[in-house]
Structures are given as C-alpha cells and as structure tokens.
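*Asks:* Structure here, sequence nowhere to be found:
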C-alpha cells in the first residue's frame, strides 16, 4: 500500500494495513456479497476510474501448479520488482515491505500463489515521504494490459488486467477486493493506496485495486 516515512507514515501504515487485514479475515470467511465501491481518482492518477465490463479480452488459461513468486513485471509502468512473502505482524496486521524497500512488492503468503487456482494478492507502496514507490501509477493501468509474475519453477505467469478500481476506504468491499471474480480461474490482485493523502488521519482516502486473470504461461 502507501505511506509516508516517520511517525505519520507509521500511523498511515497501521490504518492502511488494518483495512487489508479486515478484508482478508472476511475473505477467509468466504464473503460472497459484492458491493461496488465508489470510484475516485488515485493519488497522482487523475485518469484512474472504474473500467467498463470485460469485453474483447483473451480467454483464461488453465491454472498452474504451486510455485513461489520471485518478481513482478508491469511493462507499461516499467516495473521489474522483486517479490517477497509477507505475513502478519505482532499486532495482527499485514506486514508490508519496509519503507527502505519501497521498490519491492509484497505477496500475502497466506493466500493463493500467483498463477495457481484462486486469488493471489500482491501489495506495494505507492510512495514514501521522499520518493515514488513500486506501485506508483498503478491506477493508470488499462483493461487488456499485461502483468507478469516470474515464479521459482521457471514459469512466467502472464495476467491480463480486466478491472481497475479506486475505492474509498468507507466503501471498501472485501468480497470484491479479494474474492474470485470467476471461480476456477487463477486471478491476481494488485493493491496500493489512492485518493488523496489526509494529513489529519495520516493515511490515504482510497485504495487502488487492479484485478487480473491468468491468460498465458511462458518459460
């Protein structure tokens, strides 16, 4: 997700990742009711909005077996970033990559592996107090664009983006954010902060959620 370094950054991180923890808890309890979040511009991404329904996209590929993610590539954003497994910290919140590794993506190791059946979750900072981070510009992605995850079995899981949403925190829907859009597929969610930075609440006002599905496998 996103944050700023220093005390305000730590508070922003607590707020941000607590939202994700709640979503993951609900996801684990098989939340099925879907309520669309309200769209809003992402921080630095004024063109970001909820995209139209899926049309003209490639068919889903057969899910792969189990393998750990090693790197995420987002060609249009120029992202080639290592991926590290993350769990929960002592407070029960998701433990994101530290701010001194702002160019690293965090894979929630309690969920599905990218390319395998289910919904894999990758999170990353949008910025720090001093510089952009790995998922800066995530909200500018368009339907049909490509995200690749390099796995430790030597395969590259290639995902096609089918939805980009900017969801206000007060309209966050865990079922939609973390649940499978179509059962049986290998899906991927990329999540970071969006909206505007609120210096009073020490956090961003929204989340950018990119949804994608496995459409091709390369080696």
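*Replies:* Noted; the coordinates are in hand. The model shown is predicted, which means the values in this text are computed figures rather than measured ones.
*Asks:* quick one, helices of the protein?
*Replies:* For the chain, the helices defined by DSSP state H occupy 7-28, 174-178.
*Asks:* weakest of the ones you listed in terms of mean pLDDT?
*Replies:* Per-segment mean pLDDT for the helices of the chain reaches its minimum on helix 7-28, at a mean of 44.
*Asks:* Excluding residues flanking it in the chain, which one is nearest residue 64?
*Replies:* residue 115 (4.0 Å; C-beta to C-beta, 6 or more residues apart in numbering). Where C-beta positions appear, they are placed from N, C-alpha and C, glycine not excepted.
*Asks:* what residues are up against residue 216?
*Replies:* Neighbouring residues of residue 216 by C-beta atoms under 8 Å, 6 or more residues apart in numbering: 58, 61, 158.
*Asks:* Of those residues, grab the buried ones for PyMOL.
*Replies:* To isolate the buried ones among the contacts of residue 216 in PyMOL, judged by 16 or more other C-beta atoms under 10 Å, type:
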select buried, resi 61+158
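*Asks:* out of the contacts of residue 216, which one sits closest to residue 203?
*Replies:* Checking the contacts of residue 216 against residue 203 with C-beta to C-beta, the nearest one is residue 158 at 33.2 Å.
*Asks:* Could you check the pLDDT of the spatially closest residue to that closest one that is not a sequence neighbour?
*Replies:* Sequence neighbours aside, residue 216 is the residue nearest to residue 158 in space, at 4.1 Å (criterion: C-beta to C-beta, 6+ apart). Looking at residue 216, its pLDDT reads 97.
*Asks:* try residue 76
*Replies:* pLDDT, read off for residue 76, is 96.
*Asks:* residues in contact with it?
*Replies:* Per C-beta under 8 Å, 6+ apart, neighbours of residue 76: 141, 145-146.
*Asks:* Try it again at 10 Å.
*Replies:* By C-beta atoms under 10 Å, 6 or more residues apart in numbering, the contact list for residue 76 reads 137, 140-142, 145-147, 161.
*Asks:* Please check the residues you listed and keep the buried ones.
*Replies:* Buried among the contacts of residue 76 by 16+ other C-beta under 10 Å: 137, 140-141, 145-147, 161.
*Asks:* in the longest strand along the chain, what counts as buried?
*Replies:* Criterion DSSP state E: the longest strand present in the chain is strand 203-218. By 16+ other C-beta under 10 Å, the buried positions in strand 203-218 come out as 203-215, 217.
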